[in-house]
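Trainee: Build me a structure from this.
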Amino acid sequence: MLPRWFTGVVLLLCLGAVPAHGQAPPQWKFKKGDGFRLEIVSTFKQTMKLLDSKGKPQDKDVKQEIEYTQLLAFKVLDTKDDGSVVLEETLESIAFKNPGGTLTPDEKIKGATLTITLGPKRTVDKVEGLDALLAKLAGEDTKVRDTLKRTLTEDYFKKTAREVFAFLPDKADKKWTRTVDAPLGPLGTLKITNEYKDEGTEKVKDQPVAKITFTSTVTYTKPTKEQSAGAPFHVVNGDLKADGAKGTILFDAATGRLVSSNWALKLKGKMNIAIGDTELVAEVEQAETIKTTLKGAK
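Mentor: Numbers count the residues shown, from 1 in each chain. Below is the predicted model:
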């Protein structure tokens, strides 16, 4: 039977996505010393059924329903002559809720920081501070650290930063596409293709902002040997499909800031997982929403 933490790792199948616009394309605006906060509210509803290789149920369905809210603070540490930007990202607060009530998060994660370098075209070139973050989360527990290291990779955090900063078009297009890989550690990789559309403008507090809609296509590939190394299980193969992945983004071109982003996804499929000499089938159904909102200056 799969270890209990496995279902939590599957929650990393949360994708997320954020936005863009037309004419002279809007751009993020950064000034050294400036700061802003983003609140991210994520909800997950997941059902997992474990079967052996002959289709026999191994346990009752595992159901999870959770909502968690993060408040992330960003500070502009530096702006370079070539247009690149260095940001500090700090997790100011986090709260979890499930049907049983509010859960108290591990206080060690609060105040965790990363340094993110954005290229001139807002590519995510570098994420620093990961070793310190893992040490903060795992403490002296080397097993926990090894598990986190396989999942919370630099590529994982780059993908997350790209969703916030790298969605705008390079030129004045009404439609454009962005494709990124979302590594899931020992579970494999998701290739996410977002197709964006400039819907013009709408007013927020009597101010016109750019409105962008998008749909997401998701393709799953099983883990590489490097991703599987050291994991207590091995994914033999898998077939995960996204259904109805779409979202809406509002971006203020005047201030160069994201106003809000709403995204929803349904994910369904199977994964064949080997634990020692035992092979199980995990049937997964998951519904997810992510709402990101600008909460003002830092």
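Trainee: so K63 touches K49, yeah?
Mentor: No - using CB atoms under 8 Å, K63 makes no contact with K49, being 9.9 Å away. Backbone N, C-alpha and C define where each C-beta goes, glycine included.
Trainee: Helices of the stretch 51-200 of the chain, start to end?
Mentor: 130-138, 142-151, 154-165 (DSSP state H, counting those that start in this stretch).
Trainee: among these, which is the most enclosed?
Mentor: helix 154-165 (a mean of 20; mean count of other CB atoms under 10 Å).
Trainee: about what we covered before: format the helices of the stretch 51-200 of the chain as CSV; extra columns: mean pLDDT.
Mentor: Listed next are those as CSV, based on pLDDT from 0 to 100:
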stretch, mean pLDDT
helix 130-138, 85
helix 142-151, 76
helix 154-165, 84
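Trainee: To F74, which of those helices lies closest?
Mentor: In terms of CB to CB, the element of the helices of the stretch 51-200 of the chain nearest to F74 is helix 154-165, at 8.8 Å.
Trainee: Which other helices and strands does the closest one contact?
Mentor: strand 113-118, strand 124-128, strand 175-183 (3 or more CB pairs under 8 Å, 6 or more residues apart in numbering; DSSP states H and E).
Trainee: Now do K191, the pLDDT please.
Mentor: At K191, the pLDDT value in this model is 88.
Trainee: what residues are up against the residue nearest to it when sequence neighbours are not counted?
Mentor: Of all residues not flanking K191 in the chain, T219 sits nearest, at 4.5 Å (CB to CB, 6 or more residues apart in numbering). Each residue near T219 by CB atoms under 8 Å, 6 or more residues apart in numbering is listed here: L190, K191, T193.
Trainee: Name the helix or strand for the nearest residue to G55 once chain neighbours are set aside, please.
Mentor: Of all residues beyond its chain neighbours, the one nearest G55 is V281 (7.4 Å), with distances taken as CB to CB, 6+ apart. Assigned by DSSP states H and E, V281 falls within strand 278-294.
Trainee: For the chain, which residues score under the pLDDT cut-off?
Mentor: 1-24, 53, 103-106, 297-298 (pLDDT under 70).
Trainee: How about the residue in it that sits furthest from its center?
Mentor: Residue farthest from the centre of the chain, counting by CA atoms, centre = their mean, is K54 at 34.3 Å.
Trainee: give the contact list for the residue nearest to G119 when sequence neighbours are not counted.
Mentor: With CB to CB, 6+ apart as the criterion, G119 has its nearest non-adjacent residue at 4.8 Å, and that residue is D125. Shown in contact with D125 (CB under 8 Å, 6+ apart): S84, T117, L118, G119.
Trainee: Distance across stretch 199-215, terminal residue to terminal residue?
Mentor: Start-to-end span of stretch 199-215 (CA to CA, to the nearest Å) is 13 Å.
Trainee: Any buried residues in it, and which?
Mentor: Residues of stretch 199-215 classed as buried: E199, V209, A210, K211, I212, F214 (neighbour count, 16 or more other CB atoms under 10 Å).
Trainee: Off-centre distance for it?
Mentor: 23 Å (CA atoms, centre = their mean, to the nearest Å).
Trainee: tally of neighbours for P186?
Mentor: 21 (other CB atoms under 10 Å).
Trainee: now do the one 4 residues further on
Mentor: By the criterion of other CB under 10 Å, L190 has 22 neighbours.
Trainee: Which residue, other than its chain neighbours, is closest to it?
Mentor: A182 (4.3 Å).
Trainee: Then A287?
Mentor: Once flanking residues are discounted, A287 sits nearest to K45: 4.6 Å by CB to CB, 6+ apart.
Trainee: Flag every buried residue along the strand or helix carrying the one you found.
Mentor: K45 belongs to strand 35-52 when elements are defined using DSSP H and E. Across strand 35-52, burial judged by 16+ other CB under 10 Å covers 36-40, 42-44, 46, 48-51.
Trainee: Widest-spaced pair of the residues you listed?
Mentor: Greatest spacing in the buried residues of strand 35-52, by CB to CB: F36 and L51 (46.8 Å).
Trainee: can you pull the contacts of E279?
Mentor: D52, S53, V236, N272, I273.
Trainee: Widest-spaced pair of those residues?
Mentor: In those, two members sit farther apart than any others by CB to CB. They are D52 and V236, at 13.2 Å.
Trainee: hang on, G35 packs against L72?
Mentor: No - under the criterion of CB under 8 Å, G35 is not in contact with L72, lying 11.0 Å apart.
Trainee: gap between L118 and K126?
Mentor: 9 Å (CB to CB, to the nearest Å).
Trainee: Compare these two (neighbour count), which wins?
Mentor: L118 (23 against 14).
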